[in-house]
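Asker: can you look at this prediction? I've put the sequence above it.
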Amino acid sequence: MSSKAKGFIEALISSCTFGMIPLFSMPCLDAGMDTVTVITHRYGLGSVAMLIIMLCQRQSLKITWHDAWHIFILAIFNNLGAFTLIYGYQFMDSGAATTIQFSYPIFTCIIMMMFFHERVTLRIATAIVLAVAGVACLSGYVPGQGNISWIGVGIELLAGLTYAIYLVLVPVFKVRNFESSKLTFFVFLFSTLQLLAVSPVAIDGGFHVATEPRLIGYLLLLGLIPTAISNFMLILGLKKIGSTLTSILGAMEPLTAMLIGVLYMGEQFTWLIGIGFVAIIVSVLLLIFQKHTSQAPA
């Protein structure tokens, strides 16, 4: 198998595994575990897995105070994005929720236009219109045929916005010069420490480590598959096929979440949700191809 073929497989594994967040988080939420506890376990176990990977790669764990401060800020937005994504599951079906959160490339584009004077093109404008139309279709789900609300749509849009800010801040802070696995480990570690710090306020009685075997199994899978493995495979795919192709293959993320919701969790799929799903994916692909065109050599 060629290196490029391996890169395609690795990128597909990355996006598909990230789309499995609802599969492992929903059973924990249904069992009464609060959102902060689920996320704390996710990043805590994910940081352990990334640490093992780094040790196997014999990477240095040293960082400067300057880098630590920037990573601390990145962890804040990482936590906000993760919290709003999972919290939104309480108001709408997980597949639709993850699809709306996947609109973060739209927000990234808007932020770049507003604060970094990125040029507005017809393709970008078309992508934004499609994204708004797609969200409108999802939020207009027929009452009694599913679980979607405007509150859930707003929460998931906030999840997309916070992740977009995270993506913009990484190059601004120049921590992108880190090895990807090293940056991911420290973001996971700082995210865990932040969640533990706020848990006495956010959780009645403070944070408690899960003890029920079934929930421990789900949390281990959550920290391993859509957290550590997803990020690690992303790194491998980027090295072989580059960021543009890897980003396009990232469209498998909401598709996976939607299929899991429909096939495994019994969520309903209507023509209106289908239209919204397609509209959002098309808008994201338009932005990805626009970015690729603008970066092409003259």
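Answerer: It's in. Values in this document were obtained by computation on a predicted structure and should not be read as measured data.

Asker: alpha carbons only for contacts and neighbour counts from here, please
Answerer: Will do.

Asker: which residues in the stretch 101-250 of the chain form helices?
Answerer: In the stretch 101-250 of the chain, the helices defined using DSSP state H, counting those that start in this stretch lie at 104-116, 122-139, 150-173, 180-202, 213-223, 230-249.

Asker: what's the closest of these to Y264?
Answerer: helix 213-223 (15.0 Å; Cα to Cα).

Asker: state the mean pLDDT of the closest one.
Answerer: What helix 213-223 shows for mean pLDDT is 94.

Asker: to L272, which of the helices of the stretch 101-250 of the chain lies closest?
Answerer: Closest to L272 of those, according to Cα to Cα: helix 122-139, at 5.8 Å.

Asker: can you state the direction angle for the closest one and helix 104-116?
Answerer: Interaxial angle, helix 122-139 versus helix 104-116 (axes from the mean of the first three to the mean of the last three Cα atoms, to 10 degrees): 130 degrees.

Asker: got the angle for helix 122-139 vs helix 150-173?
Answerer: Angle, helix 122-139 to helix 150-173, by the same axes, to 10 degrees: 150 degrees.

Asker: and I260, how far from S94?
Answerer: The span separating I260 from S94 equals 9 Å under the rule Cα to Cα, to the nearest Å.

Asker: overlap in contacts, the two.
Answerer: P22 (Cα atoms under 8 Å, 6 or more residues apart in numbering).

Asker: low-confidence ranges in the stretch 151-298 of the chain?
Answerer: For the stretch 151-298 of the chain, the stretches with pLDDT under 70 are 175-177, 202, 205-206, 238, 242-248, 251, 287-298.

Asker: quick revisit: relative to T17, which of the helices of the stretch 101-250 of the chain is closest?
Answerer: Comparing the helices of the stretch 101-250 of the chain by Cα to Cα, helix 230-249 comes nearest, at 5.7 Å.

Asker: so between I260 and S94, which is more surrounded?
Answerer: Taking neighbours as other Cα atoms under 10 Å, I260 and S94 compare with S94 leading, 29 against 20.

Asker: correct me, but the more buried one touches A257?
Answerer: Yes. The pair S94 / A257 is scored as a contact, 7.0 Å apart, by Cα atoms under 8 Å.

Asker: list residues touching both of these two?
Answerer: P22.

Asker: figure out which of the helices of the stretch 101-250 of the chain is closest to G276.
Answerer: helix 122-139 (3.7 Å).

Asker: so what does the closest one touch, helix or strand wise?
Answerer: If contacts are counted by 3 or more Cα pairs under 8 Å, 6 or more residues apart in numbering; DSSP states H and E, helix 122-139 sits against helix 104-116, helix 150-173, helix 271-294.
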